[in-house]
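build me a model from this:
(2 chains)
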Amino acid sequence: MSFSIDAQTQEELNLLGKFRQGSIYNLFNHVRTRGGEQLLDNMFRNPLGNASAINERSSIFQFFQQADLVFPFDVREISLMREYLDAGAGKSALVTLAGTVVKKWLAGLTRDERYKKMVQGLQATIVTLDKCYSFVETIQFNAGPYAERIRAAKEILSDKRLERLRDIDIYEALSVKTLAFYDHVLKGRLFDDMERILSFIYELDVNIAVSEVARTRGFSYARAWPPEKNILAATGVFHPGIKNAIGNAISLNRDNNVLFLTGANMAGKSTWMKSVGIGLYLAHMGFPVAAAEMDFSVREGLYSSINVADNISLGYSHFYAEVVRVKQAAEAAASGKRLLLMFDELFKGTNVKDAYDGTLAITEAFSEYRGCLFIVSTHIIEVGEALKGHDNIHCVYMPTVMDGPHPRYTYKLEEGITADRQGMMIIQNEGILELIGD
Amino acid sequence: MVFHTDEQTIADLGIFGKHNGSGIYDLYNRTHTRGGEAILKEMFLHPLSDKAAINRRSSIIKYFSRLNMAFPLSAALFDMTEKYLKDPDERTNSTRHQSAIGEKEIQQGVMSVITLIQQTREFIETPSVKGIIDYTAEREAILLFVTDPAFEPALREKGKGKLSYTVIAAYDILFRVRERHKIAQLLRLLYELDVYLSVAKVAVERGFVFPEALEKGLCVLKLEGVYHPELKAPVPNSIFMDPRQQVIFLTGANMAGKSTFLRSVSTAVYMAHMGFPVAAASMEFSVMDGMYTTINLPDNLGIGASHFYAEVLRVKQVAAELGRGKSLFIIFDELFRGTNVKDAHEATVAISRAFAGKKTSMFIISSHIVEAGGELRQRSNIGFFYLPTRMNGHQPEYTYTLERGITDDRHGMIIIRNEGILDTLKNGNKIS
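From the prediction side, this is the model:
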């Protein structure tokens, strides 16, 4: 089982993309190594679909946040080591030795850099392995999932040959024989172990970077529950990309699986829906989330339709595009998946009446799916009145406070359906009817 | 007098087209000269608001369209003349500016000006051109230029063989220095002629009619068989507005053709105010002070305004113009869709009522708020029309022909049902 998300939803939530302004990926991308970045990217692309895996990963992040560790390695040395290991060596020890001798000889004669590279690569490997060993020795983490990783690393590093290697003082001359020996062993029999050590380091990089972000931004860790529990309960959910964002609580479960959100156009409905979507996505990655507290049962996917309606000039074709989008979501829900679906201002591109009918019918039909959770927002408050008979639909709204003639928004969710009827008020404030006169 | 309009209206009507698509302007643009093109563009940007001026221009084009004649001068002639005149001879300005054109171009330029003068003379002397009464003023102005004693030698020139260097030099002084602005004025008149003839050509080819402008303030619009000129197979409609019916409340489903109808009417009104032929069977209209349409109002999210607020600001802008006592032609398509049903209803009624009180202006308002119709019926000067939808099984079909009354046709729901969304959800696997 895996968590599925499509391109449109990723786009709307602005999740991925190293080169995109304000993407969530960039928010977390404080890793130091190339390998760490790849790993982070991989995590972002493949959220987990299993509660225990999620909880395990998030407990590791939590441990790192508490431990407040500093990344002990030198990034340049790690990339030298990577290069060194990737440069292949001869099949047998003898060929390697001969090759090393030739390289040294060539380096003396011409400006051949290979010998120097080889020496520096081995030196970087020695230093990195040594640092890694002292790191796993000092770290106090005897229980939990991460202990296993540390034990594995320790075991590799305790290999007799590596122990001798670590003891080499790099500021003393290295004999050609030693060079050739380690060149052969590290790239041969111990190559897989070296790979493991490097991925251990990359993981460490990600763990430290992510937990650092969580600490500085005040994120917290979500608890994952099995899918059947069907809950999403969080307090203080805010948008991680917005400074001084205001947090709001959400509580959805089997008996309360639809959240019906109303409010005026600028009141912050879309932003809050995005916050929930981002929060749930990060939670499925086992990452820290922008909330005070969060409990969720694992979903099989996330569908959203947010903000697309802003391009009203597309008119009818846009309406049709929205219909197609809802259809995809309907098919996913009907196939028996447990999803979170978010529809923001459905059918905004069409007339008020069609939007009313459409939103009402769609919301009613979806609300039957107790295994899925929904958030539906609209400015057509009449839909809320019509939905009052359904006890599994929970109504909240984003209020508007009038400061004289100017609307002000609190961004603080309140229970019920908004009574803000700004429409006529704005028309009166603008004095239009008087302007026309008689 | 200026005809008031704005960017929004010009964009709604697609006058100049968008980045790639062609606009109404391109449809009328058959000019041969660059100058003619520029004048045509000017005309499109500044329609007229004066009955006499509109009728005069319209009757000139109408006469030319009856003659169905081609522009008598070749475009190449103008190209060479323009290039030649654009480069001022160093003697015309005090700064010592080296002439950018060579002897060869000067020679060609002189030759083309001579040909231009001779051919123009020939053209305006033809009896059919003399017969256009409304063109008399322009014709005489042109005649005055080409028969100017200064140009007399040019008229005598036989045009056979090459002119000698000294003759060219003499003409060069004449055209580029002494009579420079006479030539420029003559060109301007010829550009206008180019516009008249090219628009006349469009009228003939497309079967457009010439509307009749009536006195301002009468508040009359009589349009028969109006259609949108850019459509391949348009369905024509007729509409009649006068003080007894100066507001039209239009209903109909989304695809039924409301916006297209509104565009057809407003394009006709706009073109008519330019004195141009329109895509209709016949048209009479009282001259207005301006027109404002709101068909595709963009959201301005950049400044943090919602769609509803954008709509309100637009209505306010129009209201302010109306408040100045102008007689305007106003179109609102799908008013107030950025708000909830109740507000949209109240606002539509309030605004429509207020509009109905402005006796010298005309309004067409399209809406889905059918209920608003009931309250608006109390005003006698509001007419109700709709564009019908016929259901052929589950597929909606459209007649695109206006009918009297109000419809509550909508098929957002039909589309949703046709896609089978509700059935999918009804029969889906509802786990809990």
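
please make it C-alpha for all contacts and neighbour counts, starting now.
Fine.

residue ranges with poor pLDDT in the chain?
Assuming you mean chain A. A:1, A:89-90, A:141-144, A:265, A:307-318, A:349, A:405, A:420-423, A:437-438 (pLDDT under 70).

if you could check chain B rather than the one you did, that'd help
B:18-21, B:87-100, B:159-161, B:298-307, B:338, B:432.

longest helix in it, by residue count?
helix B:180-206 (DSSP state H).

can you pull the buried residues of the next helix or strand after that helix?
Downstream of helix B:180-206, the next assigned helix or strand under DSSP states H and E is strand B:212-214. Judged by neighbour count using 16 or more other CA atoms under 10 Å in any protein chain shown, the buried positions of strand B:212-214 are B:Glu212, B:Ala213, B:Leu214.

re the thing from before, what is the longest helix of chain B packed up against?
On a contact count with 3 or more CA pairs under 8 Å, 6 or more residues apart in numbering or on different chains; DSSP states H and E, helix B:180-206 meets helix B:24-28, helix B:34-45, helix B:51-67, helix B:136-146.

quick check: which of those is buried the most?
helix B:51-67 (a mean of 20; mean count of other CA atoms under 10 Å in any protein chain shown).

orientation of that helix relative to helix B:180-206 in degrees?
For helix B:51-67 against helix B:180-206, the angle by axes from the mean of the first three to the mean of the last three CA atoms, to 10 degrees is 70 degrees.

how far out from the middle of the chain is helix B:51-67?
Its chain's average C-alpha position is 15 Å from that of helix B:51-67, according to CA atoms, centre = their mean, to the nearest Å.

angle of that helix against helix B:136-146?
Angle, helix B:51-67 to helix B:136-146, by the same axes, to 10 degrees: 70 degrees.

by contact count, what packs against helix B:51-67?
Where contact means 3+ CA pairs under 8 Å, 6+ apart, helix B:51-67 is packed against helix B:180-206, strand B:212-214.

pull the CA atoms of that helix into CSV?
This file holds the C-alpha atoms of helix B:51-67, laid out as CSV (Å, rounded to 0.1, in the frame of the first residue of the first chain):
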residue,chain,number,x,y,z
LYS,B,51,-24.7,61.7,-35.7
ALA,B,52,-23.6,63.8,-38.7
ALA,B,53,-20.0,62.6,-38.7
ILE,B,54,-21.1,59.0,-38.4
ASN,B,55,-23.7,59.2,-41.2
ARG,B,56,-21.2,61.1,-43.4
ARG,B,57,-18.5,58.5,-43.0
SER,B,58,-21.0,55.7,-43.4
SER,B,59,-22.4,57.1,-46.6
ILE,B,60,-19.0,57.6,-48.1
ILE,B,61,-18.1,53.9,-47.5
LYS,B,62,-21.5,52.9,-48.7
TYR,B,63,-21.0,54.7,-52.0
PHE,B,64,-17.6,53.2,-52.5
SER,B,65,-19.0,49.8,-51.8
ARG,B,66,-21.5,50.3,-54.5
LEU,B,67,-18.8,51.3,-56.9
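
same list (the helices and strands packed on helix B:180-206) but as JSON lines, adding distance to A:Pro407.
Output for those, formatted as JSON lines (distance: least, CA to CA, whole Å):
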{"stretch": "helix B:24-28", "distance to A:Pro407": "41"}
{"stretch": "helix B:34-45", "distance to A:Pro407": "38"}
{"stretch": "helix B:51-67", "distance to A:Pro407": "47"}
{"stretch": "helix B:136-146", "distance to A:Pro407": "59"}
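
quick one: which of the ones you listed is nearest A:Ala249?
Distance to A:Ala249, taken as CA to CA, is lowest for helix B:24-28 among the helices and strands packed on helix B:180-206, at 54.0 Å.

export that closest one to CSV, keeping only CA atoms.
Extracted C-alpha coordinates of helix B:24-28, given in CSV (Å, rounded to 0.1, in the frame of the first residue of the first chain):
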residue,chain,number,x,y,z
ILE,B,24,-12.4,42.6,-35.3
TYR,B,25,-9.8,45.1,-36.5
ASP,B,26,-8.0,42.5,-38.6
LEU,B,27,-11.3,41.5,-40.1
TYR,B,28,-11.8,45.1,-41.4
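
OK, contacts around A:Arg20?
Going by CA atoms under 8 Å, 6 or more residues apart in numbering or on different chains, A:Arg20 touches A:Asn26.

cool, the one 3 residues further on as well?
With contacts taken as CA under 8 Å, 6+ apart, A:Ser23 has the following neighbours: A:Asn14, A:Leu15, A:Leu16, A:Gly17, A:Gly241.

rerun at 6 Å
Going by CA atoms under 6 Å, 6 or more residues apart in numbering or on different chains, A:Ser23 touches A:Asn14, A:Leu15, A:Leu16.

hang on, the last one packs against A:Asn26?
By that I understand A:Leu16. No: contact criterion CA atoms under 6 Å: A:Leu16 and A:Asn26 do not qualify, at 7.8 Å.

where's the residue in the stretch 51-200 of chain A that chain B sits nearest to relative to A:Ala283, distance?
Taking CA to the nearest CA, chain B has its nearest neighbour within the stretch 51-200 of chain A at A:Ala51, 18.1 Å off. To A:Ala283, A:Ala51 is 10 Å away according to CA to CA, to the nearest Å.

try B:Leu193
Taking CA to CA, one finds B:Leu193 at 73 Å from A:Ala283.

dump the residue contacts of B:Glu7.
Contacts of B:Glu7 by CA under 6 Å, 6+ apart: none found.

please tell me how far it sits from B:Thr293.
Applying CA to CA to B:Glu7 and B:Thr293 gives a distance of 10 Å.

strands of the stretch 101-250 of chain A, residue ranges please.
A:220-221, A:223-225, A:232-237, A:248-252 (DSSP state E, counting those that start in this stretch).

and chain B, which of the ones you listed is closest to it?
Nearest of these to chain B, taken as CA to the nearest CA: strand A:248-252 at 13.3 Å.

before we move on, the earlier item: quick one: which of A:Ala51 and A:Ala283 has more around it?
A:Ala283 (28 against 19; other CA atoms under 10 Å in any protein chain shown).
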